[in-house]
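J.: Fold the following.
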Amino acid sequence: METVSERDLGLREERLRRHLASVPYVLLAASTLLTLVTHDLSRARLLETLGLAALTAVLLWAMTALNPDPASRPGMTAASVTVLVVMIAVLSTRSVWFAGFFGFTGYVYSWQFLRGRWRFAGVTATAAVTVAAYMGGLPDPTPSSVLLYLFFIAAMVVVVAAFSLLGEVTTEHSDERGRMVERLRETIRENEGLHAQLLVQAREAGAHDERERMAREIHDTLAQGFVGIIAQLQAAERAEAGGGGGSTPEGGGTAGSSAGGAEGDRAEWRLRVANAIRLARENLAEARRSVHALGPAPLEDTPLPEALAGLTAEWSRLNGVRADFTATGPVRPLHGEVEAVLLRTFQESLANVARHARAARVGVTLSYMEDLVVLDVRDDGAGFEPPPVPGTDGRGPDSGFGLTSMRQRVGRLAGTLEIESEPGSGTAVSASVPAVPREDPGA
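T.: Numbers count the residues shown, from 1 in each chain. Model (predicted):
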């Protein structure tokens, strides 16, 4: 869209073209008027001068109106310029005013309508006519007069050519700037279209990333939490069923033993229900944190090794499987995203062990190295055959969103996830991520 200043500039240029087009007629009229005022002409001479001026005006109109494209008719153009120069010569014999004022038109039209060397020929002819008029006629046949005449002609040609060439260069630069501005406008329009397209793609990518994040968080928090709740409630159901089956009215000793067994089953039932309630509350809190894109709750006020040690002990207590945690290397604070990925990988690995491995022992190791942090989770359970492409075969721990989620999380940090397992030989999960330090809030 053009600005107001650009529109004003265009209007001014159009007005300037119209004014320039009228200049030859103004010069012709001024020369005629000055001739009539300063010369005492007879009636016949006056009519001849006015007729020649009118005829010249018609010629000027015909050169522009009837031949708008001079380059397409070079012969007609050359003839028109020749006639114009002749008319200037004839009028100059009537009065020097025509040579002094209207003669300028011959230079302009010669340079404007002719091409190549013919431009200089037209300008030279016009100069010869006007200089002769200035000098009162053709020079005397003496070397000095002829040389002076030729000098003035040459000077006029040089001056006209210099200013005309300068004007052409200026016009070309102006036209080039106009073309550059138009190309810039076109580029801006294209960039606006690309920008709009990029915004749409960015919104789509953002929505896709948010869906992926929510899917991972739901799997790593809600799904695992529900699995734990279901496991605890199933254990409570078994404890209740065992307590009911152990009640019997027979003999005192048997009755006492049954009463003790029932009391133990009742305590087990209460413990499992309490665990289920606590897991449900933790799950609800994690769900709220996931919705608000907050970090995992275990890392809120606790260093990563301590959080993993506490979660390992809690998992061991809930699942009745021995689990040991070890941290090696110089422990240091890591970027929140790095610690969150390691924690979620740890949780998913232990969840897989609880669901599939039937293991008797689990070992968790967190190793701080110079540039990397490595999390290893090993079990002595049933093992499985890892799929060649994670998440594509639909069997074992990789079915659904398990190992695929871990690989995506670790991959986002330019890390690697390795799975080593075979049936009957347990499973080892190793996640390696860059040891990006935590940013100093006071820096």
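J.: Next, the contact list for residue 161, please.
T.: With contacts taken as Cβ atoms under 8 Å, 6 or more residues apart in numbering, residue 161 has the following neighbours: 111, 119-120, 123. From N, CA and C alone the C-beta is placed, and that goes for glycine too.
J.: actually residue 91, sorry about that
T.: Taking Cβ under 8 Å, 6+ apart as the criterion, residue 91 is in contact with 31, 49, 52-53, 56, 98, 102.
J.: farthest pair in these?
T.: Farthest pair in the contacts of residue 91 (Cβ to Cβ) is 49 and 102. Separation: 12.1 Å.
J.: Quick check, pLDDT for the residue nearest the centre of the chain.
T.: With distances taken as Cα atoms, centre = their mean, the chain has residue 195 as the residue nearest its mean C-alpha position (5.7 Å). The predicted structure scores residue 195 at 76 on the pLDDT scale.
J.: Assumed it was part of a strand.
T.: No - read with DSSP: H, G, I helix; E, B strand; the rest coil, residue 195 is helix and lies in no strand.
J.: Quick check: it vs residue 201, distance?
T.: For residue 195, the distance to residue 201 (Cβ to Cβ, to the nearest Å) stands at 11 Å.
J.: before we move on, what about residue 340?
T.: Counting by Cβ to Cβ, the gap between residue 340 and residue 201 amounts to 27 Å.
J.: Over to residue 316?
T.: Counting by Cβ to Cβ, the gap between residue 316 and residue 201 amounts to 47 Å.
J.: Give me the more crowded residue out of those two.
T.: residue 316 (17 against 10; other Cβ atoms under 10 Å).
J.: Please list all residues in contact with the more buried one.
T.: Under the criterion of Cβ under 8 Å, 6+ apart, the contact list for residue 316 reads 322-323, 362.
J.: let's go with 7 Å and repeat that
T.: With contact taken as Cβ atoms under 7 Å, 6 or more residues apart in numbering, residue 316 is in contact with 322-323.
J.: Buried ones in the helix or strand it falls within, by neighbour count?
T.: Here residue 316, judged by DSSP states H and E, is contained in helix 304-319. Counting neighbours by 16 or more other Cβ atoms under 10 Å, one finds that the buried residues in helix 304-319 are 304, 307-309, 311-312, 314-316, 318-319.
J.: What of stretch 128-148?
T.: For stretch 128-148, by 16+ other Cβ under 10 Å, it's 128-133, 135, 139.
J.: and if you look at stretch 349-357?
T.: In stretch 349-357, counting by 16+ other Cβ under 10 Å, buried: 349-354, 356-357.
J.: Now do that stretch: distance to the chain's middle.
T.: In terms of Cα atoms, centre = their mean, to the nearest Å, the gap separating the centre of stretch 349-357 from the centre of its chain is 45 Å.
J.: before we move on, what about stretch 46-54?
T.: Shown here is stretch 46-54, whose average C-alpha point lies 70 Å from the average C-alpha point of the whole chain (Cα atoms, centre = their mean).
J.: Touching that stretch from outside, list them.
T.: Taking contacts as Cβ under 7 Å, 6+ apart, the residues outside stretch 46-54 that touch it are 28, 32, 35-36, 41, 87, 90-91, 94.
J.: Specify the local secondary structure of the residue nearest to residue 28 when sequence neighbours are not counted.
T.: Nearest residue to residue 28, sequence neighbours excluded (Cβ to Cβ, 6 or more residues apart in numbering): residue 102, at 5.0 Å. Judged by three-state DSSP, the three-state class of residue 102 is helix.
J.: Do you know the pLDDT at residue 102?
T.: 87.
J.: residues in contact with it?
T.: 27-28, 31, 88, 91.
J.: Just the buried ones from those residues, in PyMOL syntax?
T.: Selecting only the buried entries of the contacts of residue 102 in PyMOL, with 16+ other Cβ under 10 Å as the criterion:
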select buried, resi 27+28+31+88+91
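J.: May I see the contacts of residue 102 organised as a markdown table, with secondary structure added?
T.: What follows is these, written out as a markdown table (three-state DSSP):
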| residue | secondary structure |
| --- | --- |
| 27 | helix |
| 28 | helix |
| 31 | helix |
| 88 | helix |
| 91 | helix |
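J.: surely residue 235 meets residue 270?
T.: No - using Cβ atoms under 7 Å as the test, residue 235 is too far from residue 270 to be in contact (11.5 Å).
J.: who's more crowded, those two?
T.: Applying other Cβ under 10 Å to residue 235 and residue 270 shows that residue 235 carries more neighbours, namely 20 against 12.
J.: Contacts only, for the more buried one.
T.: Going by Cβ under 7 Å, 6+ apart, residue 235 touches residue 272.
J.: Could you report the distance from it to residue 360?
T.: Distance from residue 235 to residue 360, by Cβ to Cβ: 18 Å.
J.: Over to residue 406?
T.: When residue 406 is compared with residue 360 (using Cβ to Cβ), they lie 24 Å apart.
J.: out of these two, which sits in the busier spot?
T.: For residue 406 versus residue 360, neighbours defined as other Cβ under 10 Å are more numerous around residue 406 (28 against 12).
J.: Quick check: which element contains that one?
T.: Here residue 406 sits within helix 402-412, counting by DSSP H and E.
J.: Helix or strand next in line after that helix, which one?
T.: Downstream of helix 402-412, the first helix or strand assigned by DSSP H and E is strand 416-421.
J.: so that next one versus helix 402-412, what angle?
T.: Angle of strand 416-421 versus helix 402-412, following axes from the mean of the first three to the mean of the last three Cα atoms, to 10 degrees, is 150 degrees.
J.: Give the pairing partners of strand 416-421; include direction for each.
T.: Within its sheet, and counting by DSSP bridges, strand 416-421 is paired with strand 427-434 (antiparallel).
J.: Return the strand it pairs with as PDB; C-alpha atoms alone will do.
T.: Taking Å, rounded to 0.1, in the frame of the first residue of the first chain, the C-alpha atoms of strand 427-434 are listed here in PDB:
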ATOM      1  CA  THR A 427      16.700 -56.100  31.700                       C
ATOM      2  CA  ALA A 428      19.100 -53.100  31.800                       C
ATOM      3  CA  VAL A 429      18.000 -49.600  30.900                       C
ATOM      4  CA  SER A 430      20.700 -47.000  30.500                       C
ATOM      5  CA  ALA A 431      19.800 -43.300  29.900                       C
ATOM      6  CA  SER A 432      22.700 -41.000  29.100                       C
ATOM      7  CA  VAL A 433      22.100 -37.200  28.800                       C
ATOM      8  CA  PRO A 434      24.400 -34.100  28.700                       C
END
